[in-house]
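>>> take a look and give me a structure for this.
(2 chains)
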Amino acid sequence: AQSVTQLDSHVSVSEGTPVLLRCNYSSSYSPSLFWYVQHPNKGLQLLLKYTSAATLVKGINGFEAEFKKSETSFHLTKPSAHMSDAAEYFCVVTDAILTGGGNKLTFGTGTQLKVEL
Amino acid sequence: DAGVTQSPTHLIKTRGQQVTLRCSPKSGHDTVSWYQQALGQGPQFIFQYYEEEERQRGNFPDRFSGHQFPNYSSELNVNALLLGDSALYLCASSPGLRTGYEQYFGPGTRLTVT
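As a prediction, this is how the structure comes out:
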């Protein structure tokens, strides 16, 4: 089965410092991986996606993630946090081989990012 | 270009009742998926519709059913509501079933069962 593990339920950083949100996945040969962000009382917004092209993926708002197959990881980073980055972040996996086609998304449990002045 | 829309925004029901939630996909999208997000948890996949057929289903009981219409809009029906069905129900659309296609999410319907 496909699954993701978000290693930290809460992360707190100071504004202007780097952000690291960790994610490990379990899947087959060719997973697609995503990071979504959810601000309070807002819908889910896609930050970035990996679909077997370049392993370093750049997304919106300065976020990026690196797909490391040997470590089964897809950690999300940002060089400098901004107050507006405070939100819930979800690591997501999908794998057509395991799902028999279709693009069912499997979400992690989320990481709450807090940004302090 | 309208994104994914859902109605209603909020809903309060009593145990044992039935509820219908509605979703209109983003323009140009033909695939609709439904997810349940309980408080403090990540969304859980309920089912996915393509060409008016249920293509995939998550680990949800038969009380959860759906439908997709020729215009690609979709409904989620839940019968015999339980307190545990209280959650945010999210609809997502994509331009097909391929795994590389990103899914666009609507704002959700907040269902409270009392």
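>>> ranking helices and strands of chain A by mean pLDDT, which lands last?
helix A:96-99 (a mean of 59; mean pLDDT, DSSP states H and E).
>>> and chain B, by the same measure?
Across the helices and strands of chain B, mean pLDDT, DSSP H and E gives its lowest value to strand B:53-57, namely a mean of 90.
>>> partners of that strand, with directions?
Neighbouring strands of strand B:53-57 in its sheet, by DSSP bridges, are strand B:44-50 (antiparallel).
>>> run through who's touching the strand it pairs with.
Residues outside strand B:44-50 that contact it (Cβ atoms under 8 Å, 6 or more residues apart in numbering or on different chains): A:102-107, B:30-38, B:54-60, B:64, B:66-68, B:74, B:76, B:96-97. Where C-beta positions appear, they are placed from N, C-alpha and C, glycine not excepted.
>>> how far away from the center of its chain is that strand?
Mean-position distance between strand B:44-50 and its chain equals 7 Å (Cα atoms, centre = their mean, to the nearest Å).
>>> three-state assignment of B:Met84?
Let me fix one detail, which is that residue B:84 is Gly and not Met. At B:Gly84 the chain is in helix, as set by DSSP: H, G, I helix; E, B strand; the rest coil.
>>> what pLDDT does it get?
In the prediction, the pLDDT value recorded for B:Gly84 is 97.
>>> and it, how far from B:Val78?
From B:Gly84 across to B:Val78, the span is 11 Å (Cβ to Cβ, to the nearest Å).
>>> who has more neighbours, the two?
More neighbours surround B:Val78 than the other of B:Gly84 and B:Val78, with 24 against 8 (other Cβ atoms under 10 Å in any protein chain shown).
>>> how close does B:Pro8 sit to chain A?
Computed with Cβ to the nearest Cβ, to the nearest Å, the distance linking B:Pro8 and chain A is 15 Å.
>>> so who does that residue touch?
For B:Pro8, the set of contacting residues under the criterion of Cβ under 8 Å, 6+ apart consists of B:Leu21, B:Thr109.
>>> name the nearest residue to B:Leu39, sequence neighbours excluded.
B:Ala87 (7.3 Å; Cβ to Cβ, 6 or more residues apart in numbering or on different chains).
>>> mind pulling up the pLDDT for A:Ser28?
With respect to pLDDT, A:Ser28 scores 68.
>>> how many residues are close by the residue in chain B that chain A sits nearest to?
With Cβ to the nearest Cβ as the measure, B:Gly42 is the residue of chain B nearest to chain A, at 3.5 Å. Counted with other Cβ under 10 Å, residues neighbouring B:Gly42 total 22.
>>> so it sits against A:Thr111, correct?
No: with contacts defined as Cβ atoms under 8 Å, B:Gly42 does not count as touching A:Thr111, sitting 10.2 Å away.
>>> and the residue nearest to A:Val13 when sequence neighbours are not counted, how close does it get to A:Leu46?
By the measure of Cβ to Cβ, 6+ apart, the closest residue to A:Val13 outside its immediate chain neighbours is A:Ala81, 4.9 Å from it. Separation of A:Ala81 from A:Leu46 (Cβ to Cβ) stands at 20 Å.
>>> and what of A:His39?
Taking Cβ to Cβ as the measure, A:His39 falls 13 Å from A:Leu46.
>>> just to revisit the earlier point, excluding chain neighbours, give the residue nearest to the residue of chain B closest to chain A in space.
The shortest distance from B:Gly42 to any non-neighbouring residue, by Cβ to Cβ, 6+ apart, is to A:Phe107 (3.5 Å).
>>> surely the one you found is in contact with B:Gln36?
No: under the criterion of Cβ under 8 Å, A:Phe107 is not in contact with B:Gln36, lying 10.9 Å apart.
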